[in-house]
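Engineer: Generate coordinates for the sequence data below:
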Amino acid sequence: MKPGREVIEVNLEEWQALLERARQEPLDAEGYQKLQAALRAFRALTEMIGEKNTTISQLRALLAKPSTEKTSKVLEQAGIKAPPKSSPPPNAPGPPKPGHGRNGAQAYGGARRVKIVHGSLKPGDHCPECLKGKVYVQKEPALRIRVVGQAPIAATVYELERLRCNLCGDVFEAEAPEGVGEKKYDETAAAMIGLLKYGSGVPFYRLEGLEASLGIPLPASTQWEIAEEIAAVIRPACDELIRQAAQGEVFYNDDTSMKILALARASPQRPEEDEESGSKERTGLFTSGIVSTREGRRIALFFTGRKHAGENFARVLAERAKGLAPPIQMCDALSRNLPKLPEKLEILLGNCNAHARRRFVQVTPNFPQECQFVLESLRDVYRYDAEAEERGLTPEERLRFHQEHSQPVMDALQAWFLAQFAEKKVEPNSGLGEAIRYCLKRWDRLTLFLREPGAPLDSNLVERALKKCILHRKNSLFYKTENGAEVGDLFMSLIHTCELNDANPFDYLTELQKHATELAQNAAAWMPWNYRETLQQAGTSPHPS
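Structural biologist: Okay, here's the model as predicted:
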């Protein structure tokens, strides 16, 4: 691994002093390092400006200091020193002692377990040391962990002996081991290909090169044929996920850009709902992420095409059963995230406080004192929410907790926003003024968590889910066809739903293929959170525990 470059920070005053010193005497080692760093930055900046696709945000990231959105770091970079943390009470429990950082045997949930009996003793034998006592089995066995390397897709060649009669010419072939049929790629190989491609962002050609270097040919075209074939087999599970997601209590949705070559080269299409209005044809391509939560279960869905997140959300809500309470939708303030609802269906709309906070983070260097109050107020609200989660409060208890602790903070913040304009302390068209107007315009949606049980503070859950398709975009760059995008959406939906529910996606994809007939008959019994119970009831689970 290459060592990271040391970050050398130099302000304008230091540069001026450095130039004056260079005029009078030779530069010392520290001055030389600063000048060298400036030349490297200037060279990189010149190269980036010469590239056609360079954006302003990329230039800003090159020239500005690296930062996070943590309140203390944002204020520190703006020149405001964070106050020292208050010392805890004398009797308060301290933070847990750090461990050695190693994973114990219990962390290897997917490892194969092999029980080894003692070679010379068994329970009830006399002790070989004292010759008087008897030995008995300890509750906790001694553990040894052995980690081995192997190819992601392994292959075994079975050489079946063949015998031929020298008189009649009949050939007799040895029987293959149990479980070895005529099918070349079994369910585990197909599951691993789908998991590597759509769960870990490994392109087909990259896996092809890796397998070739290990002596196992696995062409990219073959990988696609396998993925497409099993996608048709496990599709009932994804359809059932959509149906169950539609019954959710809280929905998060957003989208990100994605490229489909077949659509990018074709003429743009006009959205169906905008045809009568004569609006411009839509040229963008997106992957929409939707996360539905209900009774502690989380379902992630992905849809790629020309439709926005709100249109795909409406597609999911079309499967919602009648008579259910209005769901909560959490998203950012973009209008394309809002669905056109069918009749007699209402939603409780909330907007993301993290997006609102980011607007103040961006203008903190220009308005440090003003933004300090906003960021610290929102920090307190997030601390209360984290405390409610640590306590394991129910949605109703969490609502009362926020009303007691967060309501005064948000009321004070709203009063401060209004006072900035009323007392003409802030120019409305400045960066700070626009951030304040953004919050005041959407205040009811930003404070939904103070009125509705279970309403979240932000849409970070779906932002993390979208990293799946962003990882695919960074590595594979695009989908070739709409069918390829549909297959990718199916795998990502199943894989990320497994991850959200602490299920093993490799094992899940494998079992879906092995029980394709049962899946087609009753898909609800083969969800990531209950498929193990279904296997145990059928007596076919390889891991009954």
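Engineer: burial of A176, as a residue count?
Structural biologist: 11 (other Cβ atoms under 10 Å). Any C-beta I mention is one placed from the backbone N, CA and C, and that applies to glycine too.
Engineer: A strand includes it, no?
Structural biologist: No: the secondary structure assignment for A176 gives coil rather than a strand, going by DSSP: H, G, I helix; E, B strand; the rest coil.
Engineer: If I look at it, what pLDDT would I see?
Structural biologist: For A176, the model assigns a pLDDT of 86.
Engineer: looking at it, it is touching V157, isn't it?
Structural biologist: No: applying Cβ atoms under 8 Å, one finds A176 not in contact with V157, separated by 11.6 Å.
Engineer: so what's K73 scoring on pLDDT?
Structural biologist: With respect to pLDDT, K73 scores 79.
Engineer: In which helix or strand does it reside?
Structural biologist: helix 71-77 (DSSP states H and E).
Engineer: And that helix, what's buried?
Structural biologist: Using 16 or more other Cβ atoms under 10 Å as the test for burial, helix 71-77 gives T71, S72, V74, L75, Q77.
Engineer: again, but for stretch 313-323
Structural biologist: Of the residues in stretch 313-323, those buried under the neighbour-count criterion (16+ other Cβ under 10 Å) are F313, A314, R315, V316, L317, R320.
Engineer: Just to check, the first one is in contact with I290?
Structural biologist: Okay, so that is F313. Yes: with contact defined as Cβ under 8 Å, F313 counts as touching I290 (5.9 Å).
Engineer: Find the residues that touch each one of the two.
Structural biologist: Here F313 and I290 share the contacting residues F251, N253, scored by Cβ atoms under 8 Å, 6 or more residues apart in numbering.
Engineer: The residue sitting furthest away from the middle of the chain in helix, strand or coil?
Structural biologist: Counting by Cα atoms, centre = their mean, the extreme residue of the chain relative to its mean C-alpha position is L167, 66.9 Å from that point. With three-state DSSP as the basis, the three-state label of L167 is coil.
Engineer: Check which helix or strand Q329 maps to.
Structural biologist: Per DSSP H and E, Q329 falls inside strand 328-331.
Engineer: list the helices and strands the helix holding K73 packs on?
Structural biologist: Judged by 3 or more Cβ pairs under 8 Å, 6 or more residues apart in numbering; DSSP states H and E, the packing partners of helix 71-77 are helix 368-391.
Engineer: Now do the helix or strand following the helix it packs on against helix 368-391, angle only.
Structural biologist: On the C-terminal side of helix 368-391, the closest following helix or strand by DSSP H and E is helix 395-422. Counting by axes from the mean of the first three to the mean of the last three Cα atoms, to 10 degrees, helix 395-422 lies at 170 degrees to helix 368-391.
Engineer: Buried ones in helix 395-422, by neighbour count?
Structural biologist: Across helix 395-422, burial judged by 16+ other Cβ under 10 Å covers R398, L399, F401, H402, H405, S406, V409, M410, L413, F417, Q420.
Engineer: re earlier: immediately after the helix holding K73, which helix or strand?
Structural biologist: If you walk from helix 71-77 toward the C-terminus, the next helix or strand you reach (DSSP H and E) is strand 162-164.
Engineer: what about that next one, distance to the chain center?
Structural biologist: The chain centre lies 56 Å from the centre of strand 162-164; the measure is Cα atoms, centre = their mean, to the nearest Å.
Engineer: Also stretch 118-132?
Structural biologist: Using Cα atoms, centre = their mean, the distance between the centre of stretch 118-132 and that of its chain works out at 53 Å.
Engineer: Rebuild the buried residues of helix 71-77 as TSV, extending it with distance to A245.
Structural biologist: Rendered in TSV, the data for the buried residues of helix 71-77 read as follows (distance: Cβ to Cβ, whole Å):
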residue	distance to A245
T71	34
S72	38
V74	36
L75	40
Q77	40
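Engineer: what's the neighbour count on the residue nearest to I145 when sequence neighbours are not counted?
Structural biologist: For I145, the nearest residue in space outside its immediate sequence neighbours is A105; the separation is 5.9 Å by Cβ to Cβ, 6 or more residues apart in numbering. Residues near A105, counting by other Cβ under 10 Å, number 12.
Engineer: Hmm, A105 is touching L143, no?
Structural biologist: Yes: A contact is recorded between A105 and L143 when judged using Cβ under 8 Å, the distance being 4.5 Å.
Engineer: Would you indicate which residues of stretch 206-221 are buried?
Structural biologist: Buried residues in stretch 206-221, counting neighbours by 16+ other Cβ under 10 Å, are found at L207, E208, L210, E211, L218.
Engineer: next one: stretch 476-490
Structural biologist: Neighbour counts over stretch 476-490 (16+ other Cβ under 10 Å) mark S476, Y479, G484, A485, E486, V487, G488, D489, L490 as buried.
Engineer: Same list, those residues, but as TSV with distance to R297 and secondary structure please.
Structural biologist: As requested, the buried residues of stretch 476-490 are arranged in TSV below (distance: Cβ to Cβ, whole Å; DSSP: H, G, I helix; E, B strand; the rest coil):
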residue	distance to R297	secondary structure
S476	30	helix
Y479	29	strand
G484	29	helix
A485	26	helix
E486	24	helix
V487	25	helix
G488	23	helix
D489	20	helix
L490	19	helix
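Engineer: ok, of the buried residues of helix 71-77, which one's closest to S459?
Structural biologist: When the buried residues of helix 71-77 are compared for distance to S459 (Cβ to Cβ), T71 comes out closest, at 19.5 Å.
Engineer: for the closest one, what are its contacts?
Structural biologist: T71 makes contact with A82, L375, E376, L378, R379, according to Cβ under 8 Å, 6+ apart.
Engineer: one step back: and the buried residues of stretch 206-221, which two are furthest apart?
Structural biologist: Of all pairs drawn from these, the greatest distance, 8.7 Å, lies between L210 and L218 (Cβ to Cβ).
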